[in-house]
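In: the amino acid sequence is not available; the structure is as follows:
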Ligand SMILES: NC(=O)C1=CN([C@@H]2O[C@H](COP(=O)(O)OP(=O)(O)OC[C@H]3O[C@@H](n4cnc5c(N)ncnc54)[C@H](OP(=O)(O)O)[C@@H]3O)[C@@H](O)[C@H]2O)C=CC1
Ligand SMILES: O=C(O)C1=N[C@H](C(=O)O)C[C@H](O)C1
């Protein structure tokens, strides 16, 4: 039994990859490929809509698919926690299922998870993300997600220390964390999260070398969507990583407190 899939943004870079993976799979069937010239009704007849289009139209596409009873996989960027929160009650009311994946690459998701661990130990944190010159939005969806998750992980510690953010070259603050976006010809995608401490820095860096990095995550998300209900965000849960907040690491140790040290 195959599941019928419509790809919205199928003429694009990510969309053509999704279409190929669906076509090559045994358990999914590609029934529609939409571009900017298609009417949204072209997706009707599919059971799953994959939105990999443009941040400016993704909201309308997801709402249309949910209202028409399709399960939805969203790879398009621009879905902040706030925007996802705003659509969640609608998805639940329709007994629908939407899976938002800011980044399909396993390495990127792990990089973000490692950053949420480090975020509790440093007050000085900035993100530098770099993408190809054709990317229309900034900051990247991955950077927004990383900043939001780090802020959630260090909720009781409050905002990061980011000086001089009134100066434009200091980046855009996302959940108090400055994000710097480069758009450079020849690049694909890269992100560095830089942590500053006392006499040390830590950098967590991920580089996307080719679009092949998205393949495993796309198939994982498509298969999970068949059983999903409500709203799911990120590959994290699908990779068994658990949620941030429910699974925060222990609070940082006060170096002057020796009471827990084992005495000889
Ligand atoms: N989650 C992840 O891991 C990844 C996410 N992305 C994100 O996916 C999105 C697409 O990226 P990319 O493939 O590089 O972009 P492209 O510009 O290559 O493709 C965009 C696609 O969207 C279509 N489109 C534009 N407007 C509409 C519309 N109104 N209705 C339907 N389709 C429309 C375009 O159609 P047409 O050809 O007619 O213009 C095209 O097929 C971006 O938001 C990007 O950030 C990208 C890579 C990985
Ligand atoms: O446009 C891209 O290329 C990418 N977009 C996503 C984002 O905005 O984070 C994911 C990945 O970085 C590639």
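Out: Sure, I can see it. If you're wondering where the values come from, they're calculated on a predicted model, not measured in any experiment. Ligands and ions are numbered 1, 2, ... in the order given.
In: what does the helix or strand hosting residue 111 contact?
Out: Here residue 111, judged by DSSP states H and E, is contained in helix 106-118. Helix 106-118 is contacted by residues 103, 142, 145-146, 149-150, 152-153, 189, 191, 193, 195, 202, 204-206, 208, 213, 216-217, 234-236, 239, 241, 244, 249 when judged by CB atoms under 8 Å, 6 or more residues apart in numbering. From N, CA and C alone the C-beta is placed, and that goes for glycine too.
In: of these, which belong to helices?
Out: Counting by DSSP state H, the part of the contacts of helix 106-118 found in helices is 142, 145-146, 149-150, 152-153, 216-217.
In: please produce a PyMOL select command covering the buried subset of the residues you listed.
Out: What follows is the PyMOL syntax for the buried subset of the ones in helices among the contacts of helix 106-118, where burial is set by 16 or more other CB atoms under 10 Å:
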select buried, resi 142+145+146+149+150+152+153+217
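In: which single one of the ones in helices among the contacts of helix 106-118 is nearest to ligand 2?
Out: Distance to ligand 2, by CB to the nearest ligand atom, is smallest for residue 142 among these, at 3.3 Å.
In: correct me, but that closest one touches residue 129?
Out: Yes. Here residue 142 reaches residue 129: they are 6.8 Å apart, a contact under CB atoms under 8 Å.
In: which neighbours do those two share?
Out: Common neighbours of residue 142 and residue 129, counting by CB under 8 Å, 6+ apart, are 189, 191.
In: ranges for the strands of the stretch 1-150 of the chain?
Out: For the stretch 1-150 of the chain, the strands defined by DSSP state E, counting those that start in this stretch cover 3-8, 28-34, 48-51, 71-74, 97-100, 124-131.
In: could you say which of those is packed most deeply?
Out: With neighbours taken as mean count of other CB atoms under 10 Å, the strands of the stretch 1-150 of the chain reach their highest mean count in strand 48-51, at a mean of 28.
In: quick one: low-confidence ranges for the stretch 151-264 of the chain?
Out: Counting by pLDDT under 70, the stretch 151-264 of the chain contains low-confidence residues at 245-264.
In: enumerate the residues of it near ligand 1.
Out: residue 214 (CB under 6 Å from any ligand atom).
In: for ligand 2, what's its nearest residue on the stretch 151-264 of the chain.
Out: Here the stretch 151-264 of the chain gets closest to ligand 2 at one residue, residue 189, 3.9 Å apart by CB to the nearest ligand atom.
In: and that residue, what are its bridge partners?
Out: Applying DSSP bridges to residue 189 yields these beta-bridge partners: residue 131, residue 208.
In: ok, so of the ones in helices among the contacts of helix 106-118, who is nearest residue 165?
Out: The shortest separation between residue 165 and any of the ones in helices among the contacts of helix 106-118 is 16.4 Å, and it belongs to residue 150 (by CB to CB).
In: my guess is that closest one contacts residue 119. True?
Out: Yes. Judged on CB under 8 Å, residue 150 makes contact with residue 119 at a distance of 3.8 Å.
In: quick revisit: among the ones in helices among the contacts of helix 106-118, which are in reach of ligand 2?
Out: Within those, those near ligand 2 by CB under 6 Å from any ligand atom are residue 142.
In: kindly reformat the ones in helices among the contacts of helix 106-118 as a markdown table containing distance to residue 7.
Out: Rendered in a markdown table, the data for the ones in helices among the contacts of helix 106-118 read as follows (distance: CB to CB, whole Å):
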| residue | distance to residue 7 |
| --- | --- |
| 142 | 21 |
| 145 | 22 |
| 146 | 27 |
| 149 | 28 |
| 150 | 32 |
| 152 | 31 |
| 153 | 34 |
| 216 | 18 |
| 217 | 16 |
